[in-house]
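# Below are the sequence and a predicted model; questions follow.
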Number of protein chains: 2
Amino acid sequence: MTSAEILLSQNIRPSLARVLIYDYLRKHRTHPTVDEIFTALSPRAPTLSKTTVYNTVKLLSSKGVIKMITIEDQQSRFDACTDNHGHFLCSGCGKVYDFDVEFPSAKIPEGFEVLTKDIYFTGKCNKCN
Amino acid sequence: MTSAEILLSQNIRPSLARVLIYDYLRKHRTHPTVDEIFTALSPRAPTLSKTTVYNTVKLLSSKGVIKMITIEDQQSRFDACTDNHGHFLCSGCGKVYDFDVEFPSAKIPEGFEVLTKDIYFTGKCNKCN
DNA sequence: CTTTGTGCAAATTCTTTGCACCAAA
DNA sequence: TTTGGTGCAAAGAATTTGCACAAAG
């Protein structure tokens, strides 16, 4: 499926900027920040603004098309892969790695509704260790 | 154990401000933000500054005495309980609840060293549902 | 005395908002 | 021709930094 088709299927109008940003996230599984997305796409799309990147990632994550990663305190990262998997932040190089993990079924109190689940590990990656 | 004793055992000098802040976190398991800690303690400690709260939570979490919670994108929260447990953020009222959960053992690649683990759920609590 | 902690104000960084213009249905 | 998208500049909020003073060993 193309990025435009996926957006359409979620009732998101596939504007040029949205497809560009979503496409970038699908092809670059580096969990980029808004700034990294903006910097990467700027050369190809000189009129793109950081506001549009903010607008777009906010829209896409509210629709569940992408996932916001808050593993760091300073800035948010984004991931086009919404399947359940863990995120590992290396405190040495700052890279965020994916890892496979079985999401535990916790005994949440009666009346609570769980909508999102995240598993975050931090430590040192093989290059920084 | 008193808060001062715990701080001392981790080679942290138990200054008045540090004990006050750590004590507050131990007694209030509400996962407060820096601002909430500062506002709560200000009446009792009129000379306390927000900078000192920032300095202290940074120091204590770097030493592993408290845990930083980055479940929200806007601001960090802090928890004096460092035992493994999950955090649930209600998108309705903004409250962060603790819950029991067995932390899964993920197959992290060779050479990776895991130092911290966090499990974050979001959704609606029983009052907001 | 010498190191460490505190606190004010300013600076920095990330994110949001207001508003005008542009593009698409 | 009306709604929705984009982008600039300004505002806002959380956090950090520089520096001077205070306190503790």
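Received the coordinates, thanks.
# Kindly give the local confidence score, pLDDT, for the residue lying farthest from the centre of chain A.
Relative to the centre of chain A, the most outlying C-alpha is that of A:E110, 30.2 Å out, by CA atoms, centre = their mean. Model confidence at A:E110, given as pLDDT, is 94.
# pretty sure it is in contact with B:N126, am I right?
Yes: A:E110 lies in contact with B:N126 (CB atoms under 8 Å); the separation is 6.7 Å. Using the backbone N, CA and C atoms, a C-beta is placed for each residue, glycine as well.
# Report whether stretch A:28-47 contacts chain B.
No: using CB under 8 Å from any CB of the partner chain, stretch A:28-47 stays clear of chain B, coming no nearer than 10.9 Å.
# can you give me the helices for chain A?
With DSSP state H, the ranges of helices along chain A come out as A:3-9, A:16-27, A:34-41, A:50-62.
# For those, give me CSV that also has mean neighbour count.
Listed next are the helices of chain A as CSV, based on neighbours: other CB atoms under 10 Å in any protein chain shown:
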stretch, mean neighbour count
helix A:3-9, 16
helix A:16-27, 19
helix A:34-41, 17
helix A:50-62, 17
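# Make CSV from those helices and add mean pLDDT and distance to B:T116 to it.
Shown next, in CSV, are the helices of chain A (pLDDT from 0 to 100; distance: least, CB to CB, whole Å):
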stretch, mean pLDDT, distance to B:T116
helix A:3-9, 97, 34
helix A:16-27, 98, 26
helix A:34-41, 98, 24
helix A:50-62, 98, 24
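# any idea how far chain B is from the residue farthest from the centre of chain A?
7 Å (CB to the nearest CB, to the nearest Å).
# Quick check: that residue vs B:C90, distance?
14 Å (CB to CB, to the nearest Å).
# Near chain B, which residues of chain A? Just list them.
Proximity of chain A to chain B, by CB under 8 Å from any CB, involves residues A:68, A:70-73, A:76, A:86, A:88, A:91, A:97, A:99-104, A:106-126, A:129.
# 6 Å instead, please
Contact residues (CB under 6 Å from any CB of the partner chain) of chain A with chain B: A:70, A:73, A:76, A:86, A:99, A:101-102, A:104, A:106, A:108, A:111-126, A:129.
# Name the strands paired with the biggest strand by length in chain A and say parallel or antiparallel.
In chain A, taking DSSP state E as the definition, the longest strand is strand A:113-124. Applying DSSP bridges, strand A:113-124 is found paired with strand A:86-90 (parallel), strand B:113-124 (antiparallel).
# could you give me the average pLDDT of the shortest one?
Yep, that's strand A:86-90 we're talking about. Averaging pLDDT along strand A:86-90 gives 98.
# And for the last one?
Per-region confidence: strand B:113-124 scores 97 on mean pLDDT.
# Just the C-alphas of that strand, formatted as CSV.
Presented in CSV, the C-alpha positions along strand B:113-124 are these (Å, rounded to 0.1, in the frame of the first residue of the first chain):
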residue,chain,number,x,y,z
GLU,B,113,23.3,-3.3,28.4
VAL,B,114,19.9,-2.5,29.8
LEU,B,115,19.9,-0.1,32.7
THR,B,116,16.3,1.1,33.0
LYS,B,117,13.0,-0.4,32.0
ASP,B,118,9.6,1.4,31.8
ILE,B,119,6.1,0.3,30.9
TYR,B,120,3.7,3.0,30.0
PHE,B,121,0.0,2.6,29.3
THR,B,122,-2.4,5.4,28.4
GLY,B,123,-6.2,5.5,28.2
LYS,B,124,-9.1,6.5,30.4
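# No more questions from me, cheers.
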